[in-house]
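Trainee: sharing a model prediction with you, sequence too.
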Amino acid sequence: MAPGGLKRPTTDEMAKPARRNDVEGKRARRRRQVIDAAATVFAEKGYHGASTRDIAERLQMQQGSLYYYFPSKDAALEEVCRAGVADFVEGLERIVAGPAPAGDKIRAAVANHLEPFGDRPDYVRTFLFDRHALPRGARREVGALSRRYEALLERLFAEGVAAGAFRPDLDARVAMLAFIGTCNMAAMRGRSGEALPLHRMIAGFADLILAGAAVR
């Protein structure tokens, strides 16, 4: 009996939380492997050309076992697309909130946009090319994340104009659209096998964007 009349937990009882955490960790890692495989298959074949059988074969598992992780191909696409855009938004929110000058923030935003093309290219390409195939509800949710990202970028350019770092006649919305269009070309070039080294794209795209925004 423990002091105060409380029952002292047994060794087995103390070990249960650790075992539970270990099991949950293994499940989370396996789930991530399944979603990674779905992203790869979608990126390679396109959503309409891919099947759950393709995903299962890549994982060397039974097709029916996939439904433990997601109920349908639509649900897998939703998870891939949400992951494909969420990291962009979170990274940009940190950049916008930071104390750096406007030009440095734009350079950081270019890196934030392009680095996933190297780290998680299948997620990014699936988001760019297949998000239109999402069911209506999921498409609205992912679309809201995309609009949040656009608003943050537009804010960066507007703040640069207000601080005198960018030319006073710069249209922040046009600059935002040019930023996204320029950076998204990297995914299209990568798909055709003509991708430049990532560090070269980040530096070059940032220089071009800032040259267009610079005070004349």
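Mentor: Sure, I can see it. Numbering: from 1, shown residues only.

Trainee: C-alpha only now, for contacts and for neighbours.
Mentor: OK.

Trainee: got a list of what the residue nearest in space to the middle of the chain touches?
Mentor: Of all residues in the chain, the one closest to the mean position by CA atoms, centre = their mean is Gly84, 3.2 Å from it. Contacts for Gly84 (CA atoms under 8 Å, 6 or more residues apart in numbering) come out as Tyr123, Val124, Thr126, Phe127.

Trainee: cool, and Ala109?
Mentor: Leu92, Ile95.

Trainee: and it, how far is that from Met201?
Mentor: Look at Ala109 and Met201: by CA to CA, to the nearest Å, they are 13 Å apart.

Trainee: which one of the contacts of Gly84 sits closest to Ala186?
Mentor: Closest to Ala186 out of the contacts of Gly84 is Val124 (10.6 Å), distances taken as CA to CA.

Trainee: quick one: the closest residue to the closest one other than its chain neighbours and Val142, what's the gap?
Mentor: In this structure, Val124 finds its nearest non-sequential neighbour in Gly84, 5.1 Å apart by CA to CA, 6 or more residues apart in numbering. Noted for Gly84: a distance of 9 Å to Val142, by CA to CA.

Trainee: for Val215, same thing?
Mentor: Val215 sits 35 Å away from Val142, going by CA to CA.

Trainee: check Arg94 too.
Mentor: 20 Å.

Trainee: compare those two (neighbour count), which wins?
Mentor: Val142 (23 against 12; other CA atoms under 10 Å).

Trainee: pretty sure that one sits against Glu79.
Mentor: No. Using CA atoms under 8 Å, Val142 is not in contact with Glu79, being 9.8 Å away.

Trainee: what's in contact with stretch 119-138?
Mentor: In contact with stretch 119-138 (CA under 8 Å, 6+ apart) are residues 36, 39-40, 42-43, 46-47, 74, 77-78, 80-85, 116-117, 139, 187.

Trainee: could you check that stretch and say which residues are buried?
Mentor: 121-131, 134, 138 (16 or more other CA atoms under 10 Å).

Trainee: look up how far Met176 lies from Thr182.
Mentor: 10 Å.

Trainee: which residue of these two possesses the greater neighbour count?
Mentor: Met176 (22 against 15).

Trainee: quick check: which element contains the more buried one?
Mentor: Per DSSP states H and E: Met176 is located in helix 172-191.

Trainee: same question for Arg155.
Mentor: Here Arg155 is assigned to helix 136-162, by DSSP H and E.

Trainee: ok now that helix, how far from the chain's centre?
Mentor: Chain-centre distance of helix 136-162: 14 Å, with CA atoms, centre = their mean, to the nearest Å.

Trainee: run the angle between it and helix 172-191 for me.
Mentor: Orientation check (axes from the mean of the first three to the mean of the last three CA atoms, to 10 degrees): helix 136-162 against helix 172-191 gives 120 degrees.
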